[in-house]
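A.B. asks: Sequence and predicted structure, then a few things I'm wondering about:
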Amino acid sequence: MINLDKIFLKAIERDASDIHLVEGKKPMLRIARVLEEMESEEVLKEEDMYDMYDFFVRGKIEKDEEFKLTKRLDFSYEFGGARFRGNISSSDDIPVATLRLIKNELPTFEELGVPDIVRRMIYQPQGLILVTGKTNSGKTTTLNALIDEVNRNENKKILSLEKPIEYKHTSKKSLIVQKEVGKGKDVLTYRDGVKNALREDCDILIIRRD
């Protein structure tokens, strides 16, 4: 039987960025951009993948219905003080899972290599900033570093619409309200969230979707 707690613990110990769970393979960790098989674990069987699915869905009808309808499910999960962003999809009609370990502390702009002109852009009185890029290029980390910069230095109300919420911000100089999008969550759709934001007196609206 799959031992997810053991896998999570090893991922945290090895400072992995991602966990990959695929039927017919041992669990794999991405460490420094290299995929490494967990030699100590057994090859995952079909029943392991369904056990994994049940573990994350936890009997929630909305999640189960979403997966059956779209064949994908995004979620967040906390373990031992660490936070994971998870995705379950399907291969040959068997669940497949990828989990990303979210760092508790955001890196600095210098560590991210973000040009200072980007940091200065967030202090403009109005405008639109798009953070784009390929998978695993640091979009979410960069966006949350920008949020943290405003939170530490500006007296603003920041409203975010996310699916799922990855970094959990604590209000500092700014007031931060984070809403998760989806059936059974804080807001049903991004459209509903944006529309209601007009009535929430926010200074900055963040829309994050993969």
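C.D. replies: Noted; the coordinates are in hand. Numbers count the residues shown, from 1 in each chain.

A.B. asks: Which is the succeeding secondary structure element to the longest helix that the chain contains?
C.D. replies: Of all segments of type helix in the chain, defined using DSSP state H, the longest is helix 139-153. Toward the C-terminus, helix 139-153 is succeeded by strand 157-162 as the next helix or strand (DSSP states H and E).

A.B. asks: Give me the contact list for that following strand.
C.D. replies: Here strand 157-162 makes contact (CB atoms under 8 Å, 6 or more residues apart in numbering) with 147, 150-151, 169, 174-181, 187, 190, 193-194, 197, 200-209. To be clear about C-beta, it is placed using only N, CA and C from the backbone, and glycine gets the same treatment.

A.B. asks: and the gap between residue 90 and residue 199?
C.D. replies: 39 Å (CB to CB, to the nearest Å).

A.B. asks: Neighbour count for those two, which is higher?
C.D. replies: More crowded of residue 90 and residue 199, by other CB atoms under 10 Å: residue 90, with 16 against 7.

A.B. asks: Pairing partners for the more buried one in the sheet, please.
C.D. replies: Listed by DSSP bridges, the beta-bridge partners for residue 90 are residue 95.

A.B. asks: so it makes contact with residue 73?
C.D. replies: No - counting by CB atoms under 8 Å, residue 90 sits too far from residue 73 to count as a contact (9.7 Å).

A.B. asks: next one: phi and psi at residue 21?
C.D. replies: When read as degrees, to the nearest 10, the backbone of residue 21 gives phi -120, psi 110.

A.B. asks: i'd like the first residue to be 17 from this point on
C.D. replies: Shifting the count to begin at 17 puts that one at residue 37.

A.B. asks: pLDDT score for it?
C.D. replies: Note for residue 37: predicted pLDDT of 98.

A.B. asks: count of neighbours near the residue nearest to it when sequence neighbours are not counted?
C.D. replies: Once flanking residues are discounted, residue 37 sits nearest to residue 113: 4.2 Å by CB to CB, 6 or more residues apart in numbering. As a burial measure, residue 113 scores 22 neighbours (other CB under 10 Å).

A.B. asks: So, low pLDDT: which residues of the protein?
C.D. replies: For the chain, applying pLDDT under 70 flags the ranges 226.

A.B. asks: domain parsing for it?
C.D. replies: 20-118, 125-224 (automatic domain parsing).

A.B. asks: First-to-last residue distance for the shortest one?
C.D. replies: Yep, that's domain 20-118 we're talking about. Start-to-end span of domain 20-118 (CA to CA, to the nearest Å) is 17 Å.

A.B. asks: go on, the last one?
C.D. replies: Between the start and the finish of domain 125-224 there is a gap of 19 Å, counting by CA to CA.

A.B. asks: from the chain's centre, how far out does that domain sit?
C.D. replies: Averaging C-alpha positions (CA atoms, centre = their mean, to the nearest Å) puts domain 125-224 13 Å from its chain's average.

A.B. asks: number of nearby residues for the nearest residue to residue 197 once chain neighbours are set aside?
C.D. replies: Excluding its sequence neighbours, the residue lying closest to residue 197 (CB to CB, 6+ apart) is residue 179, at 4.2 Å. If you count neighbours by other CB under 10 Å, residue 179 ends up with 21.

A.B. asks: give me every residue that touches residue 179.
C.D. replies: 90, 196-198, 201, 206, 224-226.

A.B. asks: Alright, I will stop here.
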